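K.L.:
Sequence isn't available, so here's the structure alone:
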Ligand code: SAH
């Protein structure tokens, strides 16, 4: 499975779309607003640009995409107003993998520009928003063209499923699991960690080329507090999906071997692991590191008309995220049965346990060339 070609959130605006099922991710962006605002202020005051390059990496499609951009613009406008500076021209780049539903985002741009004009007047900007399809595990932008980078809930996705998980002498190494789990052997944890380290260093190297000295980057990843990579806080939601897959395999609806050979291209790092990689790469100063948590079933801030039970709602947003990967491996025919079973399992767990996601956020500054020990 080539992750770059398969991974994307469910497009469109239907019931199973990411656009309709991304309130949890929206809540996380709101929690990180103070960190984003602080970093933007520094990015602006460090460089006082006439033309400011801004990128959102892993922007997906739906209300969150332009909400982030709108918050960023409000903050820049507020900063310039306080400092009595003219507003810079804004170059805003929305990045995601090529399979992302960019069309839905692009179609919403005229209304976004219109609203911007109404709220901020003609003098705002000018502002140019464009899409940049491609993997952030490679160069996406021209050298030294960016002042601020934001990314939320995207960087825990790996560039590929870690190598060597498939099988040893015909036996799958991560049998019965689809991610790191309590029952995974140590070699599985090692393979996942090594892939994440490789990917995250590649990511930092590429961004270091693209950012100007003094530019800022705020990243939020699904992660964990614990040093233990099999900790419930990051793996449990996937263990329950594995359980649903194993259940329908035992009913003969899918082959057991298919479950054994499926592993998610994801890694949920600890704060310490992130810190170490930033230090190792060396181009950035880590200013802030924050851990936050959100309940699986946060109240939907926007009344989207759904009256789903708690577990069903969680299963539905997980479906919006995981469906393309699952469909590519198991076929589309099992999707409804699988996610129905998943919602029953999730509902059951939510009655008994503490069910929260842990987020790790970091705010970094690109060192100036004079600060780098080359
Ligand atoms: N930032 C949005 C979307 C998060 S969903 C929000 O907070 O709501 C994660 C997104 O990251 C998906 O759209 C996925 O396609 C994208 N993504 C994952 N790996 C990527 C990569 N290597 N390059 C670019 N985008 C990637």
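P.N.:
Ah, there it is. In this text the structure is predicted, and so the values were computed from the model without any measurement.
K.L.:
Please list the residues of the stretch 1-150 of the chain that sit near the ligand.
P.N.:
7-9, 22, 25, 29, 58-60, 64, 95-97, 100, 135-137 (C-beta under 6 Å from any ligand atom). Heads up, the C-betas are built off the backbone N, CA and C, glycines and all.
K.L.:
let's go with 8 Å and repeat that
P.N.:
By the rule C-beta under 8 Å from any ligand atom, the part of the stretch 1-150 of the chain lying against the ligand is 3-4, 7-9, 18, 22, 25-26, 28-29, 56-62, 64-65, 68, 95-97, 99-100, 134-137.
K.L.:
Identify the residues contacting residue 209.
P.N.:
Applying C-beta atoms under 8 Å, 6 or more residues apart in numbering, we find residue 209 in contact with 139, 143-144.
K.L.:
from this protein, which residue is nearest to the ligand?
P.N.:
Residue of the chain nearest the ligand, by C-beta to the nearest ligand atom: residue 58 (2.8 Å).
K.L.:
list the contacts for that residue?
P.N.:
95-96, 136, 151-155, 157 are the contacts of residue 58 under C-beta under 8 Å, 6+ apart.
K.L.:
For residue 75, state which of those residues is nearest.
P.N.:
Nearest to residue 75 among the contacts of residue 58: residue 152, at 15.3 Å, using C-beta to C-beta.
K.L.:
ok now stretch 95-110, how far from the chain's centre?
P.N.:
16 Å (C-alpha atoms, centre = their mean, to the nearest Å).
K.L.:
Show me which residues of that stretch are buried.
P.N.:
Under the neighbour-count criterion of 16 or more other C-beta atoms under 10 Å, stretch 95-110 has 95-97, 100-102, 104-105, 108 buried.
K.L.:
What are the contacting residues of that stretch?
P.N.:
4-9, 11-13, 19, 55-62, 65-66, 94, 129, 131-136, 140, 324.
K.L.:
Equivalent analysis for stretch 161-175, please.
P.N.:
Contacts of stretch 161-175 from elsewhere in the structure, counted by C-beta under 8 Å, 6+ apart, are 1, 3, 181, 184-185, 187-188, 191-192, 194-195, 257, 260-261, 263-265.
K.L.:
Next, count neighbours for the closest residue in space to residue 234 that isn't next to it in sequence.
P.N.:
Nearest residue to residue 234, sequence neighbours excluded (C-beta to C-beta, 6 or more residues apart in numbering): residue 268, at 3.6 Å. Neighbour count for residue 268, taken as other C-beta atoms under 10 Å: 25.
K.L.:
where do the helices sit along the stretch 51-200 of the chain?
P.N.:
63-83, 102-107, 109-120, 186-210 (DSSP state H, counting those that start in this stretch).
K.L.:
And for the stretch 251-374 of the chain?
P.N.:
Per DSSP H, counting those that start in this stretch, the stretch 251-374 of the chain carries helices over the ranges 256-260, 271-281, 310-330, 335-352.
K.L.:
Most tightly packed of those helices?
P.N.:
helix 310-330 (a mean of 21; mean count of other C-beta atoms under 10 Å).
K.L.:
does any part of it sit near the ligand?
P.N.:
Yes: using C-beta under 8 Å from any ligand atom, helix 310-330 reaches the ligand at residue 321.
K.L.:
Counting neighbours, what do you get for residue 25?
P.N.:
By the criterion of other C-beta under 10 Å, residue 25 has 25 neighbours.
K.L.:
Now do the helix or strand encompassing it: distance to the chain's middle.
P.N.:
Take DSSP states H and E as the rule and residue 25 turns out to sit in helix 23-31. Remark: helix 23-31 is offset 11 Å from the chain centroid, using C-alpha atoms, centre = their mean.
K.L.:
That one to helix 63-83, inter-axis angle?
P.N.:
10 degrees (axes from the mean of the first three to the mean of the last three C-alpha atoms, to 10 degrees).
K.L.:
helices or strands up against helix 23-31?
P.N.:
For helix 23-31, the elements it packs on are helix 63-83, strand 146-152, strand 284-295, strand 356-366, judged by 3 or more C-beta pairs under 8 Å, 6 or more residues apart in numbering; DSSP states H and E.
K.L.:
helices or strands up against the helix or strand just after that helix?
P.N.:
Next along the chain after helix 23-31, taking DSSP H and E as the criterion, comes helix 33-47. Judged by 3+ C-beta pairs under 8 Å, 6+ apart, the packing partners of helix 33-47 are helix 63-83, strand 146-152, strand 211-223, strand 284-295, strand 356-366.
K.L.:
Can you name every helix or strand that the last one contacts?
P.N.:
Judged by 3+ C-beta pairs under 8 Å, 6+ apart, the packing partners of strand 356-366 are helix 23-31, helix 33-47, strand 211-223, helix 232-250, helix 271-281, strand 284-295.
K.L.:
What strands flank the third one, and is each parallel or antiparallel?
P.N.:
Think strand 211-223. strand 146-152 (parallel), strand 356-366 (antiparallel) (DSSP bridges).
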